[in-house]
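Colleague: I'd like to go over a predicted model; first the sequence, then the structure.
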Amino acid sequence: MTRQARRGDIHTPERRLINDGGTLQPMDLPPDGHVHSQWSWDARDVGAMADTCARAVAVGLPAVSFTEHVDFTPFRAGFLAPDYPDLVDDDGILTAQQLDVDGYFECIERCRATYPELTILAGMEVGQPHRHADQVADLMARGSFERVLGSLHCLPDGAEFAEPWELYPHHPAADVFRAYLAEIPRMVTGSEAFTAFAHIDYPVRSWPQDAAPFDPLDYEDELRAALRALAEGERALEINTRRPLEAVIVQWWRQEGGRLVTFGSDAHRPDLVGDGLAAAGRLAAAEGFEPDTHPGAAWLLGT
């Protein structure tokens, strides 16, 4: 089972509609601000950038941001080990392949020339950026990265780091999620590199079946504290569509001072680009967020 399969791929593109006063009206899809291509270590065999751009044009996206994985934190591979034998050591620790910056930007420029009707942004998704400030700064100095997502994929577990699905067998699900949320304010104060926080509900993707069903109301105080830290740090909240984000979290985001939202399919294959963005756009619009004039920009809270 690959990492992207575990996260749950959905294939059907949505109609471009928005809820306007109780009626559905045509709208442009929001930009897909979280897309991976062959330049991400976990999409290197499936994520052809050119094919993703062709698909983005076909479904009517105004823009895509290729936010390739930048993971400096070695972590326990778990079920991923058979899929990435060249990245996993004898102790089962996965050290991600690092981004080929030159090759990536050459590919970006080829796609921009081939698809001039599509706004294509260069970017990265950095895991735990507050733990790797010098490495992230060195990487950012090597190219013009227009979209930098911050992600919290791993948490410390003893002397190692592990993704949520590797933590759940040893820790209660509620404790894992609360530890994840508690780390977000530390990430904001420890890194200025990222402008948007990706998939705030990331641990819920692999929520254990034997735990009580996830309900954001059970974690309202912790979620609000994390959202407040992001808002005070002037970051955007990503509405990631790999798993539909609960509307109440977007409501809390606005209430805690959040002014910006971005959108992301988190696609690792061309056929998934733009998936779920119509519903995400409706959700954001219902809370008062509006498109910016630039096709690839975050949506702004209206006045």
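Modeller: Cool, the structure landed. Numbers count the residues shown, from 1 in each chain.
Colleague: so where's the stretch 101-250 of the chain uncertain?
Modeller: Within the stretch 101-250 of the chain, the set of residues satisfying pLDDT under 70 is empty.
Colleague: how about the strands of the stretch 51-200 of the chain, start to end?
Modeller: Ranges of strands in the stretch 51-200 of the chain, per DSSP state E, counting those that start in this stretch, are 63-71, 75-76, 93-94, 119-127, 147-151, 155-157, 160-162, 196-197.
Colleague: Summarise which helices and strands the third one is packed against.
Modeller: Using 3 or more C-beta pairs under 8 Å, 6 or more residues apart in numbering; DSSP states H and E as the contact criterion, the secondary-structure elements in contact with strand 93-94 are strand 75-76. For glycine as for every other residue, the C-beta is placed from the backbone atoms N, C-alpha and C.
Colleague: rerun at 10 Å
Modeller: Packing contacts for strand 93-94, counted by 3 or more C-beta pairs under 10 Å, 6 or more residues apart in numbering; DSSP states H and E, involve strand 75-76, strand 160-162.
Colleague: Out of the strands of the stretch 51-200 of the chain, which gets nearest to Leu87?
Modeller: Nearest to Leu87, of all those, is strand 93-94, at 5.1 Å by C-beta to C-beta.
Colleague: Just the residues contacting the closest one, thanks.
Modeller: By C-beta atoms under 10 Å, 6 or more residues apart in numbering, the residues outside strand 93-94 that reach it are 3, 41-42, 71, 73-78, 80-81, 83-84, 87-88, 160-163.
Colleague: Pull out the buried residues from these.
Modeller: Buried members of the contacts of strand 93-94, scored by 16 or more other C-beta atoms under 10 Å, are 3, 41-42, 71, 73-78, 80, 83-84, 87-88, 161-163.
Colleague: Run through the helices of the stretch 151-300 of the chain in chain order.
Modeller: In the stretch 151-300 of the chain, helices defined by DSSP state H, counting those that start in this stretch lie at 164-167, 173-190, 220-232, 247-255, 277-286, listed in chain order.
Colleague: I am finished for the moment; much appreciated.
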